[in-house]
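Engineer: My questions concern the predicted model and sequence given below.
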Amino acid sequence: GIFECDYCHADISQLPRIRCAVCVDFDLCLDCFTSTDHATAIAQLNSTDKYIVYDDPKFFWTVEEDLRLLEGIQTNGLGNWVEIAEAVAGQGSIGKTPRRCMERYFDDFLGRYGHILPSHTLQAEGEDEVEESDATKYSVEEFDKGDTDDTPSRTSKRRAVMMRSPSSMSTMATGAELSGFMPRREDFDVEWENDAEQAVADMEFLPGEPIEDKQLKLQVLAIYNSKLDEREKRKKFVLSRKLYDYRKTQTEHEKLPQDERDLVHRMRLFERFHTPEEHKEFLADLLKAKRLRKEIAKLQMYRRLGIRTLLEAEKYELDKERRQRDDGDMDAVQPVEDTIAIQAKLEVSSRATKEDDFAHLPGYNLLSSREVLLCQRTRLTPEQYLEVKNVLIQESLLKGLLDREGPGSSKRALVRIDVERRGDVIDFLVRAG
């Protein structure tokens, strides 16, 4: 309705006013009530009358003002309350400040009806659940069973609920939400070069301005357009590969060992040059090559340790694991496998393998059965044994019969093998005549 001061007759429909709780339709503006000239107005009232202070004229909104409010929100965006208030007050409305506009929208449009509208919170996928907090449920129930009068206390409660932090509305967030991506809008909270618009926000081309200023502004616009193109390119890149789903990507990488995970992260640099299928194949080839190199390095380590068969490698790994557990002072050591059975298989297999390999070495057919046993015992190849044998026979023909106990300097110069094996060969040749 329309209200006017009963003393100065000013229109106070959109302003705070003082009303007598006993008299009928007796209103005063704040200036008349607080000025020294209000005695005439007060004299009309009984000194024992009570007053009602109407300090919130935001409830007096016309349909036209509500429409301008919604149009202003749609045009300027939710949160730009200064521009919205200018749009509402541009048609002669009085008292529609930015704060009044904000309270009108949040309290009346959302606060009264918001709890019966569909939930604006995205439903989580899988185990991600979106739950309302206890405080929110309590507030909604309180609105349902309370009256619909717009009292100041009720208004403040609604405002507190509607402006509550989103973190209190949900206990879990999806992977897309963690990355700031809004799937239904296919947009990000923070874009690439998010402040690019600031350079052109206040730019305007004025008539009669110097040509240099106009060229400078055109260059700024060209730079801004290039940033928009790059922003769109990066956005398409992220959406086409679903890189915004942080949790899915993290789950896939957790299946890999740490060194392979680091390799995948380093190779992200090249993803911009590949299609998704090409990059997936590229990573698969890199990981395969890395695993092969690790396996080759492992086999080379086995060879340096004198391990030549898979059974020997298995025994080595079991012994290594057992030593590590013993070094850690573990109370309960669980047997990994029957070591005795492995050792038996190892000895049989090793013996058969060595005999098989030795029979195919060069010079094997030149040895007698006794010489074969000697070579196997001293771990000399047939070629090494025949060379040592030839050198010792030639030396014996020149200087006489050699023996183990004789001076060793000349024998060391002739035969460059260790003392034990050289002595075994000399003893065998002496016994053989």
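Structural biologist: Perfect, thanks for sending it.
Engineer: Would you enumerate the residues in contact with the nearest residue to Arg234 once chain neighbours are set aside?
Structural biologist: With Cβ to Cβ, 6 or more residues apart in numbering as the criterion, Arg234 has its nearest non-adjacent residue at 5.1 Å, and that residue is Trp192. Yep, even glycine has a C-beta here, placed from its N, CA and C like the rest. Neighbouring residues of Trp192 by Cβ atoms under 8 Å, 6 or more residues apart in numbering: Glu230, Arg231, Arg234, Lys235.
Engineer: host element of the third one?
Structural biologist: Per DSSP states H and E: Arg234 is located in helix 211-241.
Engineer: Now do the buried residues in that helix.
Structural biologist: Applying a neighbour-count criterion of 16 or more other Cβ atoms under 10 Å, one finds Lys217, Tyr224, Lys227, Arg231, Lys235, Arg241 buried in helix 211-241.
Engineer: Looking at it now, give me its mean pLDDT.
Structural biologist: Taken as a whole, helix 211-241 has a mean pLDDT of 85.
Engineer: which sections of the stretch 51-200 of the chain are below the confidence cut-off?
Structural biologist: Across the stretch 51-200 of the chain, the ranges flagged by pLDDT under 70 are 55-60, 91-95, 111-186.
Engineer: Show me which of the contacts of Trp192 is closest to Glu317.
Structural biologist: Top of the list for closeness to Glu317, among those and by Cβ to Cβ, is Arg234 at 47.7 Å.
Engineer: mind exporting stretch 426-433 as CSV, just the C-alpha atoms?
Structural biologist: Provided in CSV are the C-alpha atoms of stretch 426-433 (Å, rounded to 0.1, in the frame of the first residue of the first chain):
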residue,chain,number,x,y,z
ILE,A,426,99.8,-80.8,-13.6
ASP,A,427,99.0,-83.7,-11.2
PHE,A,428,96.6,-85.2,-13.8
LEU,A,429,99.3,-84.9,-16.6
VAL,A,430,102.0,-86.4,-14.3
ARG,A,431,99.8,-89.4,-13.4
ALA,A,432,98.8,-89.9,-17.0
GLY,A,433,102.5,-90.0,-18.1
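Engineer: how about that stretch: buried residues?
Structural biologist: Applying a neighbour-count criterion of 16+ other Cβ under 10 Å, the buried positions in stretch 426-433 are Ile426, Phe428, Leu429.
Engineer: which non-adjacent residue is nearest the last one?
Structural biologist: By that I understand Leu429. Nearest-residue entry for Leu429: Leu392, 6.1 Å, with adjacent residues in sequence omitted and distances by Cβ to Cβ, 6+ apart.
Engineer: domain parsing for the chain?
Structural biologist: Domain assignment for the chain, taken from automatic domain parsing, gives 125-173, 181-247, 256-304, 310-359, 364-432.
Engineer: how about the strands in the stretch 1-150 of the chain?
Structural biologist: 17-20, 27-29, 51-54 (DSSP state E, counting those that start in this stretch).
Engineer: Adjacent strands (with direction) for the shortest one?
Structural biologist: Applying DSSP bridges to the sheet, strand 27-29 is found paired with strand 17-20 (antiparallel).
Engineer: what's the partner strand in contact with?
Structural biologist: Outside of strand 17-20, the residues that reach it under the criterion Cβ under 8 Å, 6+ apart are 3, 5, 26-30, 33, 45, 49-54, 57.
Engineer: pLDDT weak spots in the stretch 251-400 of the chain?
Structural biologist: Scanning the stretch 251-400 of the chain for pLDDT under 70 picks out the ranges 328-357, 400.
Engineer: Can you get me a residue count around Ile18?
Structural biologist: Other residues within reach of Ile18, judged by other Cβ atoms under 10 Å, total 21.
Engineer: confidence score at it?
Structural biologist: Ile18 is assigned a predicted lDDT (pLDDT) of 82.
Engineer: How about it: which residues does it bridge to?
Structural biologist: Under DSSP bridges, the beta-bridge partners of Ile18 are Leu28, Val53.
Engineer: List the buried residues for the helix or strand Lys290 falls within?
Structural biologist: Mapping Lys290 onto the secondary structure by DSSP H and E places it in helix 276-304. Along helix 276-304, the positions that meet the burial threshold by neighbour count (16+ other Cβ under 10 Å) are His279, Leu283, Leu286, Leu287, Tyr302.
Engineer: Out of those, which comes closest to Ser13?
Structural biologist: Distance to Ser13 across the buried residues of helix 276-304 (Cβ to Cβ) is lowest for His279, with 66.5 Å.
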